[in-house]
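Colleague: only the shape, not the letters, is given here:
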Ligand SMILES: [Zn+2]
């Protein structure tokens, strides 16, 4: 209980400070970025209509959190993030276990000070609204949005200036930077002993992991309308998702997708769902070694992508809107490949956060790592 209170207190102080610093920037962005944002909203709402990406499910929730579920779902829908109810419940579980008058610990994001919310419904609406805002700003990067719920939206700018994707290292660096700036106020002390060696005592540097312990990534479902398999007819799985011995290097690694057998230059490779082509090119690894070869990435939702590798040829270009089942290319063995096959990936971001595609395709996969 002490730890919870202390976390919340330092977080709230931090956010109040951040808002004061950020406000002028936000106003400028609001004035001049309006048109661009409008276009962005148009684009993303089109995608949402094409394919609303569904997220995983919350787990190990307390009774108190579960009692709030209908209200969380209602406000998630109101703020356009109905696919993230599970994540919001996991977040509430971490914040409060569902107890108290401010179960989302949303007071300071509403009024800039601790304890101003005295009604769980006000807390839930504000928490959902605030999470929707940081998720939008984080361009759908769930981990970045979660950490920003704890650190404040300044963390998003910090990450976007340093590669754009959440990492644990960036969370530690940001926390250490803020702690260095603010420690003389005397309002901060290290809540987690693990944060001490880094002097990263601002907020909770392990907040993402803390929330995600209540969230099951592997329980991903395809949302409205199931996906179809990327190859018509009977599927031959030649390699599952997860841990394996790499076929070329012979070393243990994580297989980031599923491999399906196909006939070189013959078998059409089709889109598992409707979406937009965000990458269609010949891919080589950044160190110059063979990569995915002819590679197509389709965006189905804000944080839901599929990818198709080693094609002999591509039949779409970046920017195309594709239907479910539309041919994206032809089976091949280009790039880092030992023979004709389709390497199929499902992920939450274009180049990372892979998921086991088996459940999305309705396959009972034995894939190890999830
Ligand atoms: Zn593969």
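Modeller: Thanks, I have it. For clarity, every value in this text was computed on a predicted model and none was experimentally measured. Numbering: from 1, shown residues only.
Colleague: show me what the residue of the stretch 101-250 of the chain found nearest the ion is bridged to.
Modeller: Residue nearest to the ion within the stretch 101-250 of the chain (CB to the ion): residue 239, separated by 5.6 Å. Heads up, the C-betas are built off the backbone N, CA and C, glycines and all. Taking DSSP bridges, one finds residue 259 as the beta-bridge partners of residue 239.
Colleague: wait, doesn't residue 341 sit right on residue 311?
Modeller: No: judged on CB atoms under 8 Å, residue 341 makes no contact with residue 311 at a distance of 10.6 Å.
Colleague: three-state assignment of whichever residue of the stretch 251-370 of the chain sits closest to the ion?
Modeller: Relative to the ion, the nearest point of the stretch 251-370 of the chain is residue 343 (3.3 Å; CB to the ion). Classification of residue 343 by DSSP: H, G, I helix; E, B strand; the rest coil places it in strand.
Colleague: find the nearest non-adjacent residue to it, please.
Modeller: residue 309 (3.9 Å; CB to CB, 6 or more residues apart in numbering).
Colleague: so who does residue 296 touch?
Modeller: If you count contacts by CB atoms under 8 Å, 6 or more residues apart in numbering, residue 296 has them with 277, 279, 280, 307, 308, 311, 314, 316, 328, 329.
Colleague: redo that, cut-off 6 Å
Modeller: If you count contacts by CB atoms under 6 Å, 6 or more residues apart in numbering, residue 296 has them with 280, 308, 328, 329.
Colleague: how about the secondary structure of the closest residue to residue 63 other than its chain neighbours?
Modeller: Nearest residue to residue 63, sequence neighbours excluded (CB to CB, 6+ apart): residue 98, at 7.5 Å. The local conformation at residue 98, judged by three-state DSSP, is coil.
Colleague: about what we covered before: got a winner among the contacts of residue 296 for most neighbours?
Modeller: The most crowded member of these is residue 308, carrying 28 neighbours; neighbours defined as other CB atoms under 10 Å.
Colleague: excluding chain neighbours, give the residue nearest to that residue in space.
Modeller: Leaving aside its sequence neighbours, residue 308 sits nearest to residue 296 (CB to CB, 6+ apart; 4.7 Å).
Colleague: are we agreed that that neighbour is in a strand?
Modeller: Yes: inclusion of residue 296 in a strand is indicated when three-state DSSP is applied.
Colleague: quick one: it from residue 305, how far?
Modeller: Distance of residue 296 to residue 305, computed by CB to CB, to the nearest Å: 11 Å.
Colleague: verify the stated contact: the residue of the stretch 251-370 of the chain closest to the ion with residue 256.
Modeller: No: in this structure, residue 343 is not within contact of residue 256 by CB atoms under 6 Å, at 8.3 Å.
Colleague: which parts of the protein are helices?
Modeller: In the chain, the helices defined using DSSP state H lie at 2-32, 34-50, 63-67, 69-78, 85-96, 107-111, 120-137, 142-151, 154-160, 168-182, 207-212, 357-360.
Colleague: weakest of those in terms of mean pLDDT?
Modeller: Comparing mean pLDDT across the helices of the chain, the weakest is helix 34-50, with a mean of 40.
Colleague: tell me what the residue nearest to residue 308 is bridged to.
Modeller: residue 280, residue 308.
Colleague: can you tell me which residues in the protein are near the ion?
Modeller: Contact residues (CB under 5 Å from the ion) of the chain with the ion: 259, 343.
Colleague: would you mind giving the domain segments of the chain?
Modeller: If you go by automatic domain parsing, the domain ranges for the chain are 2-219, 237-360.
Colleague: end to end on the last one, go ahead and measure it.
Modeller: Terminal residues of domain 237-360 are spaced 15 Å apart (CA to CA, to the nearest Å).
Colleague: mind pulling up the pLDDT for the closest residue to residue 328 other than its chain neighbours?
Modeller: Distances taken as CB to CB, 6+ apart put residue 296 closest to residue 328, at 4.7 Å, once the chain neighbours are dropped. Residue 296 is assigned 98 on the pLDDT scale.
Colleague: from residue 139, how far out is residue 296?
Modeller: Note on residue 296: its distance to residue 139, by CB to CB, is 21 Å.
Colleague: how about residue 308?
Modeller: Note on residue 308: its distance to residue 139, by CB to CB, is 23 Å.
Colleague: ok, residue 332 next?
Modeller: Per CB to CB, residue 332 is found 31 Å from residue 139.
Colleague: cool, and residue 198?
Modeller: According to CB to CB, residue 198 stands 27 Å off from residue 139.
Colleague: quick check, pLDDT for the residue nearest to residue 194 when sequence neighbours are not counted.
Modeller: Nearest-residue entry for residue 194: residue 206, 7.1 Å, with adjacent residues in sequence omitted and distances by CB to CB, 6+ apart. Predicted confidence (pLDDT) for residue 206: 89.
Colleague: would you list the phi and psi of residue 206?
Modeller: When read as degrees, to the nearest 10, the backbone of residue 206 gives phi -110, psi 30.
Colleague: good, wrapping up.
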